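S.K.: give the three-dimensional model of this entry:
(chains A, B, C and D)
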Number of protein chains: 2
Amino acid sequence: MAYRETEKMRNRKVQTRKRILECAFERVTSGGFRSAQITHVAKAAGVATGTIYRHFESKEELFAEIFRTATQREVDKVAEALAGPGDAVARLEAALRQFAARALRGPTMAWSLIAEPVDPRVEAERLLYRQAYAEHFEKAINEGIESDALPTQNARQSSTCLVGAIAESLVGPLSPAQSGNSQALSQTTQTQLVESIVCFCIQGLTGTRR
Amino acid sequence: MAYRETEKMRNRKVQTRKRILECAFERVTSGGFRSAQITHVAKAAGVATGTIYRHFESKEELFAEIFRTATQREVDKVAEALAGPGDAVARLEAALRQFAARALRGPTMAWSLIAEPVDPRVEAERLLYRQAYAEHFEKAINEGIESDALPTQNARQSSTCLVGAIAESLVGPLSPAQSGNSQALSQTTQTQLVESIVCFCIQGLTGTRR
DNA sequence: ATAATAAGTGAATCATTATTCATTTCTTGT
DNA sequence: ACAAGAAATGAATAATGATTCACTTATTAT
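M.R.: Here you go, the predicted structure:
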């Protein structure tokens, strides 16, 4: 006998896989899933198209993984903000700001994650992650209710509304039809946008004017 | 000379166009845009595929028209509710209920209009209509502010949040992954869903607990 | 060096559908 | 009935892009 899988080869495979993922990621970051055709990704990663299929079941699977990675990153940031200092309201507010700010900083990827039309496989992932966001918010809302920082409410439902309100508010500004045109939103406009979102959402949660 | 376009023919053309539109509409209603291939639509309408192209520039154009028709219907209903009796808050609440109730009554079409992945041409239409909803809400909010039924706020932004909150709250329940499975949401669940949405939204607008 | 095995290649293939267009059928006015 | 035009037809084509697979190259152990 002769060839036996070795550490070196295992590493190399992992590296290649990672490189493909990174290049595809980059492509999505700059032009959305739509612009990440296998041929292009392969070229960018310096491998043959066939090689992609040695590392991923299908394009949808590759995309799903990109989606997961990118969204998990955002979910983590939100979770982080929710775990920060202050009472429930302050933490929820911080999380909303975090979410919006990051989306505006990386508009193309944000749009891809929030609103770009994608294959069913990836859409399923999106649905899952929207729930992940909602769950984090829900937890904080429940804490708020317990500590009397928030009035009694359907925490799950409120959290879904939060996700929806913020996503919708960003879809317009993020959508390629808008952000594709030269000038991005001015700093001022962005700030106002975030302020109004936060204002509405916190009111929706607390039922009190600030 | 001989053939000259006549009233009869003009009528027939209009009829055919309408029939194509209706059949495509029906198809979308029962299975989303995805399931409305030209071949199927043609068969359903009892015409050849080529005939579709005598009446519509392209599939996307046909879809865009279906989208417009269907959404305009919903926008009108919302506008109607907003023009009803009561103060601004009551009317906004009625509009939200109307929107949610209709979506839950026709879940597949609602999902197609709100969240189904569609071609860019149709996506553009969707963006436009989301703004149409927002504009109607915005108007009512401004009236509410003037009559002191609502506190001062960024009406445009609040209206966008309304649209987002309600859409997001419905996407989960409407999505084929959910509603595709046999049993639709129970009456009770639906009512609770609508109540919580309305509650959050009205609080977001008024800043007061009810 | 060689055999055994795996990884990599990329042109060719496949799959899916929208769209076209040469041909046929239908309408109309004389 | 006939000719001029318009509308309808649907099989063939086009376009897009994912996926395959026969073949080449690389790695390992003896």
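
S.K.: and the most centrally placed residue in chain A, what element?
M.R.: Closest residue to the average C-alpha location of chain A: residue A:71 at 3.4 Å, with Cα atoms, centre = their mean. Under DSSP states H and E, the secondary-structure element containing residue A:71 is helix A:59-82.

S.K.: how about that helix: buried residues?
M.R.: Across helix A:59-82, burial judged by 16 or more other Cβ atoms under 10 Å in any protein chain shown covers A:59-60, A:62-67, A:70-71, A:74-75, A:78-79, A:81-82. In short, each C-beta sits where N, CA and C put it, glycine included.

S.K.: could you do stretch A:111-129 as well?
M.R.: By neighbour count, and taking 16+ other Cβ under 10 Å as the criterion, the buried residues in stretch A:111-129 are A:111-118, A:122-127, A:129.

S.K.: pLDDT wise, what is the residue nearest to the centre of chain A at?
M.R.: We have a pLDDT of 98 for residue A:71.

S.K.: dump the residue contacts of it.
M.R.: In this structure, residue A:71 makes contact with A:113, A:125, A:126, A:129, A:132, judged by Cβ atoms under 8 Å, 6 or more residues apart in numbering or on different chains.

S.K.: isn't the second one right next to residue A:69, touching?
M.R.: No - Residue A:125 is beyond contact range of residue A:69, at 10.6 Å (criterion: Cβ atoms under 8 Å).

S.K.: number of nearby residues for residue A:33?
M.R.: Summarising burial for residue A:33: neighbours were counted as other Cβ atoms under 10 Å in any protein chain shown, giving 20.

S.K.: quick check: it vs residue A:21, distance?
M.R.: Distance, residue A:33 to residue A:21, using Cβ to Cβ, to the nearest Å: 14 Å.

S.K.: go on, residue A:59?
M.R.: 13 Å.

S.K.: is any residue of stretch A:103-120 near DNA strand C?
M.R.: No - in terms of Cβ under 7 Å from any atom of the strand, no part of stretch A:103-120 sits within range of DNA strand C; the closest distance is 11.4 Å.

S.K.: what separates the longest helix along chain A from the chain centre, distance-wise?
M.R.: Of all the segments assigned as helix in chain A under DSSP state H, the longest by residue count is helix A:120-146. Between the mean C-alpha point of helix A:120-146 and the mean C-alpha point of its chain there is a distance of 12 Å (Cα atoms, centre = their mean, to the nearest Å).

S.K.: okay, the angle between that helix and helix A:59-82?
M.R.: Regarding helix A:120-146 and helix A:59-82, their directions subtend 10 degrees when assessed with axes from the mean of the first three to the mean of the last three Cα atoms, to 10 degrees.

S.K.: report the next helix or strand after helix A:120-146 in sequence order.
M.R.: Next along the chain after helix A:120-146, taking DSSP H and E as the criterion, comes helix A:155-174.

S.K.: ok so, going back, need the residues touching each of residue A:33 and residue A:21.
M.R.: In contact with both residue A:33 and residue A:21: residue A:66, using Cβ under 8 Å, 6+ apart.

S.K.: rewinding a little: could you tell me the angle between the helix holding residue A:71 and helix A:155-174?
M.R.: With the same axes, to 10 degrees defining the directions, helix A:59-82 sits at 110 degrees from helix A:155-174.

S.K.: helix or strand right after the helix-or-strand element of chain A with minimal mean pLDDT?
M.R.: Across the helices and strands of chain A, mean confidence by mean pLDDT, DSSP states H and E is lowest for helix A:176-179: a mean of 70. With elements assigned by DSSP H and E, the helix or strand that comes after helix A:176-179 is helix A:187-206.
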